[in-house]
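**Student:** the sequence and its predicted three-dimensional model are supplied below.
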Amino acid sequence: MANPSPRRGIHLEYSFAPDAAQRGARLANPLIDLLRTLRDTGSISATARTLGSSYRHTWGALKHWEQVLAAELVVWTQGQPARLTPLAERLLWAETRARTRLTPHIEALRNELERVLSLAFDGTHEALTVYASHDLALPMLRDHADAHGLHIELRFSGSTDALQALAHGRCDVAGFHVPVLAAGRQPAFARALKHLLKPGRHKLIASHRRRQGLIVAHGNPRGLTGIADLTQPGLRFVNRQPGSGTRLLAEHLLAEAGIQAERVAGFHGPCEDTHVAVAAAVASGVADAGLGIEAAAAQFSLAFVPLIDEDYYLLCRKEALESAAVVRLRELLAGQAWRQVLATLRGCAPHEQAGSVLALTKALPWWHYRTPRKP
């Protein structure tokens, strides 16, 4: 009778640092760091130099982890670079996908810890709670704001969930995005979002513009050029979660092309909560294509087929518009320093009226679309 596999547990911890440079969902793990470096360098000696440890320590660590996992992690061939075993490769990809999926939750946890601990050290910061549709610019804005006296507690959710959180008083600001299209061409967005936007109660703040498109494998092996190509036989599509703005965009683009969602394999299947998770699914070979922002594709050096530009907006209640925290947020969005930070993100640019308060009925071209009444 075979011995049962040893039980393997996960232990999390956090530490203090003199700066707030950490971003994303990277959790330090000595095994993952060791395997990734060994794959890149091909030798124990080079891995030891990269990790700042001795050859003996690095070799001992590798043997320790092979004992813990009860499996070989490296293939050694005389005269050739070391290669990871299939198990080790799968471990790296599994950790990458898990970390990518957990990014919003880990960032929210770290942000909450930073917020409550900062109260013990410094009571001079203004604070905002922001629920927002996933976007890679917002963690950068949070870090930029923190350096300028504004603490942003950032929680990612779908566009509709973010607007509902604002309506129910769970946040101070909600972030959502809509495609840049002519008036009358966004009925799907009108049906999903219009009832959550109140001109007399809410104020719209311009943030930035970003590019959405198809995230595909490096080199675009299937030759995708547009949304209609998602119906290719055998193509596996990975979608965003229901209620997200990108899911609405996918439905809108398919409707514009006269394509039923059922013709896209995977459209109603397992979905991902962030753009980076979609990119990770494509990079790992789990899917052939997904809809997402260009910046996410760039993180994994994937090919990107641009489809449409979007405006990203922030929404707050009318009475909060002149609060110290929201005023500071608007000033930061309009500042040149933030424009320089945003310029480093692929496919993103400041809104031409960044930081300005816009009229809902004018900024959103589909506002006057009348949603049909239920019979």
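**Tutor:** Everything's here; your move.

**Student:** quick check on W366: phi, psi?
**Tutor:** With angles defined as degrees, to the nearest 10, W366 sits at phi -90, psi 10.

**Student:** from what I can see it touches L197, true?
**Tutor:** No. Counting by C-beta atoms under 8 Å, L197 is not a contact partner of W366; they are 10.8 Å apart. C-beta: built from backbone N, CA, C; applies to glycine.

**Student:** what's the separation between the residue lying closest to N220 once chain neighbours are set aside and E310?
**Tutor:** Counting by C-beta to C-beta, 6 or more residues apart in numbering, N220 lies nearest to A303, which is 4.2 Å off, once chain neighbours are set aside. Separation of A303 from E310 (C-beta to C-beta, to the nearest Å): 20 Å.

**Student:** so for the two, which residue has more residues nearby?
**Tutor:** Shown here are A303 and E310; by other C-beta atoms under 10 Å, E310 has more neighbours (21 against 18).

**Student:** tell me the secondary structure at the more buried one.
**Tutor:** Three-state assignment for E310 (DSSP: H, G, I helix; E, B strand; the rest coil): strand.

**Student:** same check, this time on H151
**Tutor:** Assigned by three-state DSSP, the conformation of H151 is strand.

**Student:** try E66
**Tutor:** E66 ends up helix, using three-state DSSP.

**Student:** quick one, what contacts it?
**Tutor:** Residues near E66 by C-beta atoms under 8 Å, 6 or more residues apart in numbering: 72-73.

**Student:** what about stretch 241-258, distance to the chain center?
**Tutor:** In terms of C-alpha atoms, centre = their mean, to the nearest Å, the centre of stretch 241-258 is set 18 Å apart from its chain centre.

**Student:** check contacts around G175.
**Tutor:** Each residue near G175 by C-beta under 8 Å, 6+ apart is listed here: 130-133, 135, 138, 159, 162, 207, 312-315.

**Student:** show me where the stretch 1-150 of the chain has strands.
**Tutor:** All strands of the stretch 1-150 of the chain, identified by DSSP state E, counting those that start in this stretch, fall at 74-75, 83-84, 126-132, 150-156.

**Student:** which positions in stretch 199-212 come out as buried?
**Tutor:** By 16 or more other C-beta atoms under 10 Å, the buried positions in stretch 199-212 come out as 202-212.

**Student:** now those as CSV including secondary structure and distance to G269?
**Tutor:** Below are the buried residues of stretch 199-212 laid out as CSV (DSSP: H, G, I helix; E, B strand; the rest coil; distance: C-beta to C-beta, whole Å):
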residue, secondary structure, distance to G269
H202, strand, 35
K203, strand, 38
L204, strand, 34
I205, strand, 36
A206, strand, 35
S207, strand, 31
H208, strand, 31
R209, strand, 30
R210, strand, 26
R211, strand, 25
Q212, strand, 20
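
**Student:** possible to save these as CSV with distance to A280 and pLDDT?
**Tutor:** Below are the buried residues of stretch 199-212 laid out as CSV (distance: C-beta to C-beta, whole Å; pLDDT from 0 to 100):
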residue, distance to A280, pLDDT
H202, 34, 95
K203, 36, 96
L204, 32, 97
I205, 31, 97
A206, 30, 97
S207, 25, 97
H208, 23, 97
R209, 24, 96
R210, 19, 96
R211, 19, 96
Q212, 17, 97
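
**Student:** ok, those residues vs Q80, which is closest?
**Tutor:** Among these, R211 lies closest to Q80 (C-beta to C-beta), at 42.1 Å.

**Student:** surely the closest one touches I293?
**Tutor:** Yes. Using C-beta under 8 Å, R211 is in contact with I293, at 6.7 Å.

**Student:** what residues are shared contacts of those two?
**Tutor:** With contacts defined as C-beta under 8 Å, 6+ apart, the residues shared by R211 and I293 are 347-348.

**Student:** for stretch 328-344, measure first residue to last.
**Tutor:** 22 Å (C-alpha to C-alpha, to the nearest Å).

**Student:** repeat that for stretch 72-91.
**Tutor:** Stretch 72-91 has an end-to-end distance of 12 Å (C-alpha to C-alpha).

**Student:** show me what it is in contact with.
**Tutor:** For stretch 72-91, contacts defined as C-beta under 8 Å, 6+ apart pick out 31-32, 35, 38-39, 42-44, 62, 65-66, 69, 71, 92.

**Student:** need those in JSON lines (columns: pLDDT).
**Tutor:** Formatted as JSON lines, these follow (pLDDT from 0 to 100):
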{"residue": "L31", "pLDDT": "83"}
{"residue": "I32", "pLDDT": "84"}
{"residue": "L35", "pLDDT": "86"}
{"residue": "L38", "pLDDT": "86"}
{"residue": "R39", "pLDDT": "86"}
{"residue": "G42", "pLDDT": "85"}
{"residue": "S43", "pLDDT": "86"}
{"residue": "I44", "pLDDT": "87"}
{"residue": "L62", "pLDDT": "86"}
{"residue": "W65", "pLDDT": "84"}
{"residue": "E66", "pLDDT": "84"}
{"residue": "L69", "pLDDT": "81"}
{"residue": "A71", "pLDDT": "83"}
{"residue": "L92", "pLDDT": "82"}
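
**Student:** which of these lies closest to A261?
**Tutor:** Distance to A261 across the contacts of stretch 72-91 (C-beta to C-beta) is lowest for L92, with 33.3 Å.
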